[in-house]
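**Q** how does the following fold in three dimensions:
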Amino acid sequence: MTGTQGFVEPAYGARALTDVLPAVAASLGVPLPGSSTTLELPDAPAWVVLLVDGLGAELLRRYAHAAPFLASSLRDSTTGTAGVPSTTATSLTSLGTALPPGAHGLVGFTSRIPGTDRLLNALAWDKEVDPLEWQPHPTAFARLAAAGVPATVVNKRDFAGSGLTLVGQRGAEYVGADRVGERIAAVLAASVPRPSLTYVYDADLDWTGHKFGVASTQWLQQLSMVDAEAEQLRDALPPATRLLVVADHGMVDSPPEARVDVDEHLHLRDGVTLLGGEARFRHLYCARGAVADVAATWRETLGDRAEVLLREEAVRRGWFGGVDAAVLPRLGDVVVACTGETAVVSTHDFPYENTLVGLHGSLTPAEMLIPMLVV
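**A** Next comes the predicted model:
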């Protein structure tokens, strides 16, 4: 569904990342208790889910010539949506828990640790934050394993035991594999049992897009490598084992002239005690009594370059799904969702972010729409 500003609203319960594992479970004949979805997948004795970080459906359609294997399935497949914000930590946790961000609590790349003036970086994590307290719900992987379905995660060795892995993938057997050949071999071994679910993650396309942009030669070459990996994996798997290729979000290139640096517009800091989120989707944590003034200032400054909403407005729109009481203070008092190529940066607070070319996090079709390819 398309909302204001041409935004794509998240399709929780129908064709969002929250629906992938419930649909897989139903296909395996082991429905997940407490999870319902209208997403339907063909029956199969075993599923492999390959998540390609940063592979937006619009990007795949635009650059189909660089990924002929995957693009050939795009015409006949469902196009899904990320959640809000359209960012890796949020999306991976939505897939792994089958819960929207308002329930699992990973509400952005950075978000306030309630009761503090500190941000949790969801990718780097914080040793003082217990992942099991931050996200206490059992994952979909754990629920499948408890139902007797072997669940395996194949991912880089460095991610084993990380905070993000624990919040979204605990309960699955973790197999470390850093190279394509290792990943394919690990997936083949893990997917032998009937029934079974094997999840495998590829981060390289996202990294390339951030560094060089999605219009770059480097990104197109990496897309071709991803396409070859998916085709090799499909060829190596038994025909009865189904392969589902999804993404966590898409990406847009944001040129320097499209960026708004809050450190060059210091009035944007008035009333803001903590700046969180990321360049395409900011969480603004405000001083007491300053929320309305902050929202008005940001709306006047950004105009149609962003949708600026009070927390309550964003929650009512369903951007985060149902929001648990413990999660509510992690959301900004004001949220800023960028349109077009706009990015809201801070060269003081987030200097590295301003060096990136490709960005994501907002609700534009390029960021929100993701492939769901049964190949």
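
**Q** look up how far residue 194 lies from residue 46.
**A** Here the criterion is C-beta to C-beta, to the nearest Å. By it, residue 46 lies 6 Å from residue 194. Heads up, the C-betas are built off the backbone N, CA and C, glycines and all.

**Q** ok, these two, which is more surrounded?
**A** A direct count of neighbours by other C-beta atoms under 10 Å for residue 46 and residue 194 places residue 46 higher, at 24 against 13.

**Q** shouldn't that one be in contact with residue 243?
**A** No - using C-beta atoms under 8 Å, residue 46 and residue 243 do not qualify as a contacting pair, with a distance of 10.0 Å.

**Q** tell me the domain boundaries of this protein?
**A** Residue ranges for each domain of the chain read 4-252+364-374, 256-359, as given by automatic domain parsing.

**Q** straight-line length of the last one, end to end?
**A** Distance between the boundary residues of domain 256-359 (C-alpha to C-alpha, to the nearest Å) amounts to 12 Å.

**Q** find the centremost residue of this structure, please.
**A** residue 91 (2.5 Å; C-alpha atoms, centre = their mean).

**Q** which residues does it contact?
**A** Residues in contact with residue 91 (C-beta atoms under 8 Å, 6 or more residues apart in numbering) are 17, 82, 83, 248, 249.

**Q** now with 10 Å?
**A** Contact analysis of residue 91 by C-beta atoms under 10 Å, 6 or more residues apart in numbering lists 16-18, 51, 53, 81-85, 101, 106, 168, 246-249, 360, 370.

**Q** what's the spacing between it and residue 69?
**A** 23 Å.

**Q** kindly report the same for residue 272.
**A** 46 Å.

**Q** run through the residues that contact the residue lying closest to the residue nearest to the centre of the chain once chain neighbours are set aside.
**A** Once flanking residues are discounted, residue 91 sits nearest to residue 248: 3.5 Å by C-beta to C-beta, 6 or more residues apart in numbering. Residue 248 makes contact with 17, 51-56, 82-83, 86-95, 201, 203, 206, 360, 370, according to C-beta under 10 Å, 6+ apart.

**Q** in strands, which of these appear?
**A** Among the contacts of residue 248, DSSP state E puts 51, 52, 201, 370 in strands.

**Q** and which of the residues you listed is nearest residue 298?
**A** Taking C-beta to C-beta as the measure, residue 298 lies nearest residue 370 of these, at 28.4 Å.

**Q** so who does the nearest residue to that closest one once chain neighbours are set aside touch?
**A** With C-beta to C-beta, 6+ apart as the criterion, residue 370 has its nearest non-adjacent residue at 4.3 Å, and that residue is residue 247. If a contact means C-beta under 10 Å, 6+ apart, then residue 247 has 17, 50-57, 59-60, 80, 82, 86, 91, 202, 205-206, 369-373 as its contacts.

**Q** any of the residues you listed buried? List them.
**A** Buried members of the contacts of residue 247, counted by 16 or more other C-beta atoms under 10 Å: 17, 50-57, 59-60, 80, 82, 86, 91, 202, 205-206, 369-373.
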